[in-house]
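J.: Sequence isn't available, so here's the structure alone:
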């Protein structure tokens, strides 16, 4: 029962994380990094189906909710975001393409999950770099809620299954890195003043 409740709560937390982000996009405060959100939208389905193939149940709620929100943010990032043609964006997309090809050649759900995490991390690094350089263009509450969603998804796994825990744990770590980048970016800005 706890795993079921945690699974649903993780999906709710992830869906709620998109609300302040969307609100800040339309208020022209948040400017999503286009390549990050493209990567995250593409990976949502891969992650969902690889976890499903390995027996995940209630922890899939977070992954599914995340995929829907990522796609919506990516669509909005086309108009309201930035990035896409910088050298680091092109290198990242090249890394994604190579990783997807390697995953395709292996055709193994565990390998797919590891590649999903690696590719997702490329998007997280791009967003963390952007957040450090322009901290006011990210929404802190969205990343806090994403961390909470990942933590609840870990509880929803219900056992010490590293394969099923890998993605939710990664979500927690990536959220913390982005939050740290935002904080460090603001500190850097204060130091430059």
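T.: Received it, and whenever you're ready, just let me know what you need. Note that the coordinates shown come from a computational prediction; the quantities given were computed from them, not determined experimentally.

J.: mind listing the helices for this structure?
T.: Taking DSSP state H, the helices of the chain run over residues 2-26, 34-53, 60-80, 87-106, 109-133, 140-157, 162-192.

J.: and the gap between residue 16 and residue 139?
T.: 12 Å (Cβ to Cβ, to the nearest Å). Glycine gets a C-beta too; all of them are placed from N, C-alpha and C.

J.: what about the two, which has more around it?
T.: residue 139 (23 against 17; other Cβ atoms under 10 Å).

J.: Go ahead and confirm the more buried one touches residue 18.
T.: No. Under the criterion of Cβ atoms under 8 Å, residue 139 makes no contact with residue 18, lying 9.7 Å away.

J.: just to revisit the earlier point, present the helices of the chain as CSV; the columns should include mean pLDDT.
T.: Rendered in CSV, the data for these read as follows (pLDDT from 0 to 100):
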stretch, mean pLDDT
helix 2-26, 89
helix 34-53, 81
helix 60-80, 86
helix 87-106, 82
helix 109-133, 88
helix 140-157, 93
helix 162-192, 92
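
J.: Can you give the contact residues for stretch 115-123?
T.: 33, 35-40, 43, 46-47, 50, 92, 95-96, 99-100, 102-103, 166-167, 170, 174 (Cβ atoms under 8 Å, 6 or more residues apart in numbering).

J.: Using neighbour counts, trim the residues you listed to the buried set.
T.: Among the contacts of stretch 115-123, those buried by neighbour count (16 or more other Cβ atoms under 10 Å) are 33, 35-40, 43, 46-47, 50, 92, 96, 99-100, 103, 166-167, 170, 174.
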